[in-house]
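# whatever this is, show me its structure:
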Amino acid sequence: MRDPAFWWAERSATATLLAPVGACYGAIAAKRMARPGRKAPVPVICVGNFTVGGAGKTPTAIALARLLLASGICPFFLSRGYGGRVAGPVRVANQHAIEVGDEPLLLGRIAPTIVAHNRPAGALAAAEAGADVVVMDDGLQNPSIDKDLAIAVVDGRRGIGNGRIFPAGPLRAPLEAQFDHIDAVLLAGVASRAAEPALAVAQRRGLPVFHGELRPALDAVAALAGKPVLAFAGVADPGKFFATLEANGIPVVIRRPFPDHHHYTADEMAALVARARQDSLTLVTTEKDMVRFGGDPAAVDLIRHAAVLPVTMALSDSATVGAMLRDAMRGERAPVAF
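Sure, this is the predicted structure:
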């Protein structure tokens with residue numbers, strides 16, 4: 001599914017028409033979020049966002065895990081495995097994206113990763129496998145498990161869009177209700193007008209706002225600089241990927257956006273390779289897209305010809321964020337299993 005354009009427009013008749021449906025959806029979501037969660041055997045740090053789609057959650061979760069690892073703490077990632085067919089709990093090893101989803105494959109490169117639709121069961125599996133702390137990639141709106149620290153990532157460019165609740169807008173629940181369940185905000189990139197409402201609520205509530213920036217890998221930028229490319233991406237905001245390429249001196253001649261978590265067909269992959277050859281362009285995509293091709297015989301040609309532009313979340317105040325993580329580790333733990 002692609003995000004409707006009216007979600008990100010200041011005024012839209014469609015959004016206005018859908019607003020009553022959004023109000024009902026939001027009331028149900030807020031009531032659900034208010035349910036008490038189960039206490040996990042180890043601390044739980046949740047990285048989520050207020051809106052449907054990506055805001056930089058996975059790169060942020062990875063950045064936090066790296067801070068924990070640097071402190072001698074053993075984190076396990078916990079993911080629902082969106083787009084995968086495995087319910088879990090299962091530890092990510094050599095599975096394909098169609099089984100566990102694409103994001104867990106990226107997370108598993110950094111730290112042990114558990115995929116589980118049932119998050120309390122996933123946290124228990126992580127604890128039994130030796131986790132000191134669980135870092136949840138998404139799950140802010142899921143009340144099944146108690147979070148010791150919840151951080152909401154706000155994309156500086158897209159913010160909260162039109163500020164309406166799904167399906168009238170991108171919000172997963174009323175903004176104020178979601179703020180009841182977070183401890184800090186991470187602003188990814190430079191704040192636009194669309195991000196200001198969330199930052200204003202954080203300021204009013206006295207919540208810390210940290211800043212981060214998605215930075216591409218320098219070696220990948222150097223290898224692609226000046227080369228005309230055909231860029232394709234099946235992520236929540238392909239436009240951000242295309243803009244990152246351009247901002248780093250990589251001319252994007254053709255843009256091919258696909259829906260988030262898109263599973264490419266053999267025909268789509270062959271068409272990308274053929275068009276790049278026809279126009280003498282270099283294929284380039286995201287890490288998240290590339291992991292979906294693993295184990296697919298139809299993707300061999302595409303993998304051979306496509307370059308990847310990895311990105312990392314650079315935190316402007318990693319020392320303060322690290323201290324906040326360590327504080328979250330000191331909470332009292334439940335000695336019993338679920």
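
# give me the contact list for stretch 210-224.
For stretch 210-224, contacts defined as C-beta atoms under 8 Å, 6 or more residues apart in numbering pick out 56, 59-60, 63, 184-189, 240, 244-245, 248-250, 282, 284, 307-317, 320-321. Backbone N, C-alpha and C define where each C-beta goes, glycine included.

# next step: the residues you listed restricted to helices.
Of the contacts of stretch 210-224, the ones assigned to helices by DSSP state H are 59-60, 63, 240, 244-245, 320-321.

# tell me the one of these nearest G84?
P59 (19.5 Å; C-beta to C-beta).

# the closest one: how many residues sit nearby?
Here the count is done by other C-beta atoms under 10 Å, and P59 has 25 residues near it.

# tell me who's in contact with it.
214, 311-313.

# can you flag the buried ones in those residues?
214, 311, 313 (16 or more other C-beta atoms under 10 Å).

# what ranges does the stretch 201-338 of the chain have for its strands?
For the stretch 201-338 of the chain, strands defined by DSSP state E, counting those that start in this stretch occupy the ranges 209-216, 229-233, 252-257, 282-285, 306-308, 311-315.

# single out the most deeply packed of these.
Counting by mean count of other C-beta atoms under 10 Å, strand 229-233 has the highest mean neighbour count of these, with a mean of 25.

# tilt between that one and strand 252-257?
Angle between the axes of strand 229-233 and strand 252-257 is 20 degrees (criterion: axes from the mean of the first three to the mean of the last three C-alpha atoms, to 10 degrees).

# mind jotting down where the helices sit in this protein?
13-33, 57-70, 97-100, 102-107, 119-128, 175-179, 196-205, 218-224, 238-247, 266-278, 287-293, 300-305, 318-328.

# mean pLDDT lowest where, among those helices?
Per-stretch mean pLDDT for the helices of the chain is lowest at helix 97-100 (a mean of 88).

# per the annotation, how does this structure divide into domains?
Domains of the chain are assigned by automatic domain parsing as 33-214+314-328, 218-309.

# rewinding a little: of the ones in helices among the contacts of stretch 210-224, closest to G22?
K240 (24.7 Å).

# these two touch, right, that closest one and A188?
No - between K240 and A188 there is no contact under C-beta atoms under 8 Å: 9.6 Å.

# quick check, nearest of the ones in helices among the contacts of stretch 210-224 to A15?
K240 (21.9 Å).

# picking that back up, can I get the helices of the chain in TSV with distance to P89?
Output for the helices of the chain, formatted as TSV (distance: least, C-beta to C-beta, whole Å):
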stretch	distance to P89
helix 13-33	22
helix 57-70	18
helix 97-100	11
helix 102-107	12
helix 119-128	4
helix 175-179	26
helix 196-205	32
helix 218-224	34
helix 238-247	31
helix 266-278	32
helix 287-293	20
helix 300-305	30
helix 318-328	22
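
# closest to F76 out of these?
So among these, helix 119-128 is nearest, using C-beta to C-beta, at 3.8 Å.

# residues contacting the residue nearest in space to the middle of the chain?
Nearest to the mean C-alpha position of the chain, by C-alpha atoms, centre = their mean, lies K57 at 3.1 Å. Residues near K57 by C-beta under 8 Å, 6+ apart: 47-49, 137-138, 153.

# reformat the residues you listed as CSV; add pLDDT and neighbour count.
Formatted as CSV, these follow (pLDDT from 0 to 100; neighbours: other C-beta atoms under 10 Å):
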residue, pLDDT, neighbour count
V47, 96, 29
G48, 95, 25
N49, 94, 30
D137, 93, 27
D138, 90, 20
V153, 96, 25
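
# R330: which of the residues you listed is nearest?
For the contacts of K57, the nearest to R330 is V47 (19.3 Å; C-beta to C-beta).

# distance check, the residue at the greatest distance from the centre of the chain against D301.
Here the centre of the chain is the reference, and by C-alpha atoms, centre = their mean the most remote residue is Q278, at 34.0 Å. In this structure, Q278 and D301 are 14 Å apart, going by C-beta to C-beta, to the nearest Å.

# which pLDDT value belongs to the residue nearest to H96 when sequence neighbours are not counted?
Leaving aside its sequence neighbours, H96 sits nearest to G295 (C-beta to C-beta, 6 or more residues apart in numbering; 4.2 Å). According to the prediction, G295 has pLDDT 79.

# look up how far G122 lies from G295.
On the measure of C-beta to C-beta, G295 and G122 end up 23 Å apart.

# again, but for P259
26 Å.

# likewise for T60?
19 Å.

# what about the two, which has more around it?
Neighbour count, other C-beta under 10 Å: between T60 and G122, G122 has more, with 30 against 26.

# and the residue nearest to A19 when sequence neighbours are not counted, what does it touch?
Excluding its sequence neighbours, the residue lying closest to A19 (C-beta to C-beta, 6+ apart) is A168, at 4.7 Å. By C-beta under 8 Å, 6+ apart, A168 lies in contact with 14-19, 21-22, 162.

# change it to 7 Å
15, 18-19, 21-22 (C-beta atoms under 7 Å, 6 or more residues apart in numbering).

# list just the nearest of those residues to A40.
Nearest member of the contacts of A168 to A40, counting by C-beta to C-beta, is G22, at 32.0 Å.

# much appreciated, bye for now.
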